[in-house]
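Colleague: take a look and give me a structure for this.
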Amino acid sequence: MPLEPIIRKALLGTVALAVLAPAAAFAQASGAPVAAPASPPPTPGSPAPSASAATDSGTSQNVGAPSAGPGDIIVTARRRDEKLQNVPISVAAFSGATLTRSSVQTIADIRTISPGLTFSSEGGKDNTAVTLRGIGQIPTGEVTPGVVTYFANVPLASLGSNVPTFDIANVQVLKGPQGTLFGRNTLGGAILITPQSASTRDFTGYLEGTYGNYDYKEVQGAVNVPLIKDILAVRVAGQIRRRDPEIYAINGGNGFNNVHQDSGRVSVLFTPTDWLKSTTTADYFKAREYGSGYYLLRQNFSFGALFGPGAIADSLDQQIQGYLGQQKANFYGSFEDSSGSGRANRRNEGISNDTSATFGNFTLRNIFGYRKNKSDQLINTAAVGPTFLPGAAVGSPVDVPFTIFHAAALIERQYLTNETQFLGTFNRFNFIVGAFYSHDTPDGPSGSTFDAFTTPGAPASVVTANVRNTNYAFFGQATYKVTDTLNFTGGIRYSWDKVSACGGAIGTTYASDATCRSIANDGNTTDGVGIVSNRGSAPSWTVGLDWKARPNLLLYVVSRRGYRGVNVNTPLFETPFTTTNSANSVDLRPFQKTGEEKLTDVEIGEKWDFNVAGARGRINTAAYYTKYKNALQFLNVQGIVPSNAPDNPTNASIGVNAADLSIYGVELEASVSPTRNLTLSFNGAYTHVTVDSVSLPPIQGIVFTKDSVNKYAPSFSGTLSGSWTLPFRPLDSNLTLSGDLFMTADFGGQYGEKLPGYNLVNMRLDWEKIGGTGLDLSVFVRNLTKERYFAAADVLLNSFPVNSVAVGDPRTYGVTARYSF
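Modeller: You can find the predicted model right below:
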């Protein structure tokens, strides 16, 4: 069962220590100041040293860059190389080595080492929604993420943001609203992924192979080649992953949740002078996999509510109850039906250029990015096996195949971004000003298909949805050094958003954007094909004070305004199905467009390094309070609007501004190394969400109350970590045992319903540089205790006859060999 009491006691106890210990330091005699201790060593599951400065990455400007000593954590959260302990916001940073030690294979896996951060994939693989500090994203439409992921300084859409973590320099998690320093404006935070860049210094590289259960096979490697000393270098990296399905087909078939992925990356560093630096990065990812296999959780009501009492309802109820019985006996099983194992085919590719020119204390920088994503998925959303209508009841000599619910989606999009920054220092100021532009459009036909309560030959709901988004903004932030230890920071941003979407039921296939817009302009107001547009603008800001109370203690307070722009629901609601209220229709016109969401927070925090009797450690604490206005919620209208209506909403759902929330919480990162060979750490997050009000106008057939608001974050989550270098050294080489215990309380599902919490144990043993060579051997296990848990919701709607969820990974283990040169 979840270890919530342990989380609570550990979190509150360590927070108390964080508050009292610095006070004790001040109580010392003034004639004997406490010397700044050496920085603590890296810890598994906690920030790792020299996260960015250790590589010639070209990802920061090095304006006033600090010298990184042993154990220092260098981050770029404020677009400069800074020691983590000097940055007055809550940031978690993880080096590539830390990710490896914690068996992190994709960005979604960092949830187990960064408590408070959650990932879900409602709608299938690669449709990743990130939640931080209780701020997430509804699973419908092209909504700007509440937490934006950046790769090589370029913002990613939710589609394609679950990046493989091979050859990564570091990952930084910035908590709280962002936008006055760089990139997109966000509500909940940002995740910065920095790939290893080329270096002009040395010819280096590595080759790594892994084999594990479920016939898991992985090969990855990288090579860095300096082409012209100190001027030009290239780094090439790649990864191939294969794994058999983790979810088997209960009724026979291929199964689900396999891995079949190929990735590649090329980085070119060009430094023709000491003042000009340019890094170009190209990346590629392709997956051809079976679909997600979901767990049939429950039946909410008899099919008599849909078909009336009689033979049809009795037969369907009996079939579903039979499948529920089989499901309970097969936790890691799922059912195939007419969709087979489904599909989850994805392709992501991109290129970016980060160029900076430095003149003394000033730097001009430009970051350009272009990306293309394609996702083609088919899912048995109902999670049931083949179902049939009794032939005698429908006038057929044989039973008739019946589809309860299938979901398919094809999304092809391209994204263009450009960001220009000017930053520098003068007198007692440092500053950054900049401009940001993004434009994303369809790159081919896109839309979704829903087969709901249909028989063979019945038309499916094939809904085209092509969306164009444009965002541009100007931003700036400056810090004034009031004294040598006290700084004042202020920043502002103004953003403009425009969205234009064309969609509707256009034949039996998805239509291109050009075709859709041509049909939309034909004057027909009954076909459900039309163009919907929206635009808006708003400021966001930040203001804060930070005080270096001691050389090893930072105190700060900051307040910020976060903002998420306007959007639309597709397609155009124009037929009687969506413009009138009756038994088979509902007036959705008031919800055609969504408004701006705004968030204001206050955060106070401390960052403290200590050295007590030779035991070195670090305690970083942040507490925050947030007011979140006009929060988007999603409403499912399946069963209210007929699935074959020309203007049936995309994914049978709409987004609505429906709630005002108050969110507060505490975050803690604590680590201690009592000896050189042993490091222990605890990272924890407490989050409390209160629904202040619900402002949704009445909608026929939908009941939405405070209890319906989705609370994404668990109230508690935490990770206990340890790393022990064993006292013996076979072949004169270190043996290091690492482990993580991740714990979470109940967390958000859908419509206010929670999924139960769980605990995960991961272990790893590393034998490093064997015999003085570049060879490392490792063994690892994830989910050591075989915890059975639900990882995410699929459909948890009481208005739907059956509900389904995604199960978490079973126990996996393997061995890795790596040779570095």
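
Colleague: could you use CA atoms for every contact and neighbour count after this?
Modeller: Fine.

Colleague: how about the strands in the stretch 701-821 of the chain?
Modeller: Ranges of strands in the stretch 701-821 of the chain, per DSSP state E, counting those that start in this stretch, are 716-725, 734-744, 747-748, 754-755, 758-768, 775-782, 790-795, 802-807, 812-820.

Colleague: neighbouring strands of the fourth one in the sheet, and parallel or not?
Modeller: Paired strands of strand 754-755, with direction, are strand 747-748 (antiparallel) (DSSP bridges).

Colleague: all the strands of the stretch 401-550 of the chain, in order from the start?
Modeller: Using DSSP E, counting those that start in this stretch, strands in the stretch 401-550 of the chain cover 429-442, 447-454, 461-481, 486-504, 530-550.

Colleague: mean pLDDT lowest where, among those strands?
Modeller: Among those, strand 447-454 has the lowest mean pLDDT, at a mean of 84.

Colleague: and that strand, which residues are buried?
Modeller: If you call a residue buried by 16 or more other C-alpha atoms under 10 Å, then strand 447-454 has these buried ones: 447-452, 454.

Colleague: for stretch 401-420, same thing?
Modeller: In stretch 401-420, counting by 16+ other C-alpha under 10 Å, buried: 401-420.

Colleague: okay, and which of those map to helices?
Modeller: Judged by DSSP state H, helices contain none of those.

Colleague: could you look up the SS state of the nearest residue to S302 once chain neighbours are set aside?
Modeller: In space, and not counting its chain neighbours, S302 is closest to D317: 6.2 Å by C-alpha to C-alpha, 6 or more residues apart in numbering. Assigned state for D317: helix (three-state reduction, DSSP: H, G, I helix; E, B strand; the rest coil).

Colleague: what number of residues lie near D317?
Modeller: 18 (other C-alpha atoms under 10 Å).

Colleague: now it: how far from S338?
Modeller: 19 Å (C-alpha to C-alpha, to the nearest Å).

Colleague: do V672 as well
Modeller: V672 is 55 Å from S338, where distance means C-alpha to C-alpha.

Colleague: between these two, tell me which one has more neighbours.
Modeller: Taking other C-alpha under 10 Å, V672 and S338 do not tie; V672 has more neighbours (23 against 14).

Colleague: and the pLDDT for that one?
Modeller: At V672, the pLDDT recorded in the model is 97.

Colleague: what's the closest non-adjacent residue to it?
Modeller: Here the residue nearest V672, using C-alpha to C-alpha, 6+ apart, is G617, at 4.0 Å.

Colleague: quick one, grab the pLDDT at that neighbour.
Modeller: For G617, pLDDT reads 96.

Colleague: now do the helix or strand where it lies: distance to the chain's middle.
Modeller: Using DSSP states H and E, G617 sits in strand 615-636. Distance, stretch centre to chain centre, for strand 615-636: 15 Å (C-alpha atoms, centre = their mean, to the nearest Å).

Colleague: then it to CSV, C-alphas only?
Modeller: Written as CSV, here are the backbone C-alpha positions of strand 615-636 (Å, rounded to 0.1, in the frame of the first residue of the first chain):
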residue,chain,number,x,y,z
ALA,A,615,29.0,14.9,6.7
ARG,A,616,28.3,17.1,3.6
GLY,A,617,24.8,17.7,2.5
ARG,A,618,22.2,20.0,0.9
ILE,A,619,18.6,21.0,1.8
ASN,A,620,16.6,23.0,-0.7
THR,A,621,13.0,23.8,0.2
ALA,A,622,10.3,25.8,-1.6
ALA,A,623,6.7,26.6,-0.5
TYR,A,624,4.2,28.1,-2.9
TYR,A,625,0.6,29.4,-3.1
THR,A,626,-1.2,29.7,-6.4
LYS,A,627,-4.5,31.2,-7.6
TYR,A,628,-5.5,29.6,-10.9
LYS,A,629,-8.3,31.4,-12.8
ASN,A,630,-10.5,30.1,-15.7
ALA,A,631,-8.9,26.6,-15.6
LEU,A,632,-9.7,24.5,-18.7
GLN,A,633,-11.6,21.3,-18.1
PHE,A,634,-12.7,18.7,-20.7
LEU,A,635,-16.2,17.5,-21.2
ASN,A,636,-17.1,14.3,-23.1
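
Colleague: taking strand 716-725 as reference, get the angle to the very next helix or strand once past it.
Modeller: Moving toward the C-terminus from strand 615-636, the next helix or strand (DSSP H and E) is strand 653-675. Orientation note: strand 653-675 sits at an angle of 40 degrees relative to strand 716-725 (axes from the mean of the first three to the mean of the last three C-alpha atoms, to 10 degrees).

Colleague: D647 is nearest to which of the strands of the stretch 701-821 of the chain?
Modeller: Nearest to D647, of all those, is strand 790-795, at 21.9 Å by C-alpha to C-alpha.

Colleague: ok, residues contacting that closest one?
Modeller: Applying C-alpha atoms under 8 Å, 6 or more residues apart in numbering, the external contacts of strand 790-795 come out as 120-123, 294, 381-382, 749-750, 755-756, 803-808.

Colleague: N254: neighbouring residues, count only.
Modeller: 15.

Colleague: pLDDT below threshold where in the protein?
Modeller: 1-72, 121-127, 139-142 (pLDDT under 70).

Colleague: show me the helices in it, by range?
Modeller: Using DSSP H, the helices found in the chain span residues 4-26, 96-101, 304-307, 311-328, 391-394, 513-520, 576-579.

Colleague: so which residue is dead centre in the protein?
Modeller: V130 (3.3 Å; C-alpha atoms, centre = their mean).

Colleague: give the contact list for that residue.
Modeller: 117-120, 136-137, 145-147.

Colleague: so can I have TSV of those showing distance to K706?
Modeller: Converted to TSV, the contacts of V130 look like this (distance: C-alpha to C-alpha, whole Å):
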residue	distance to K706
L117	24
T118	22
F119	23
S120	22
G136	17
Q137	18
P145	23
G146	21
V147	24
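
Colleague: neighbour-wise, which of the residues you listed leads?
Modeller: In the contacts of V130, the most neighbours by other C-alpha under 10 Å go to V147, 30 neighbours.

Colleague: how near is that residue to S302?
Modeller: Going from V147 to S302 by C-alpha to C-alpha gives 39 Å.

Colleague: again, but for S461
Modeller: Between S461 and S302 the computed distance is 24 Å (C-alpha to C-alpha).

Colleague: do the same with T812
Modeller: 39 Å.

Colleague: one more: G530?
Modeller: Taking C-alpha to C-alpha, one finds G530 at 37 Å from S302.

Colleague: need the contact partners of stretch 770-787.
Modeller: With contact meaning C-alpha under 8 Å, 6+ apart, stretch 770-787 is reached by 103, 731-734, 758-769, 809-821.

Colleague: quick one, strands of the stretch 51-200 of the chain?
Modeller: 74-75, 82-83, 91-95, 117-120, 129-132, 147-151, 154-156, 168-175, 189-195.

Colleague: so which of the ones you listed comes closest to T725?
Modeller: strand 91-95 (18.7 Å).

Colleague: partner strands of that closest one, with direction?
Modeller: Sheet pairing for strand 91-95, using DSSP bridges, gives strand 168-175 (antiparallel).

Colleague: check the offset of the strand it pairs with from the chain's centre.
Modeller: Taking mean C-alpha positions (C-alpha atoms, centre = their mean), strand 168-175 and its chain are 12 Å apart.
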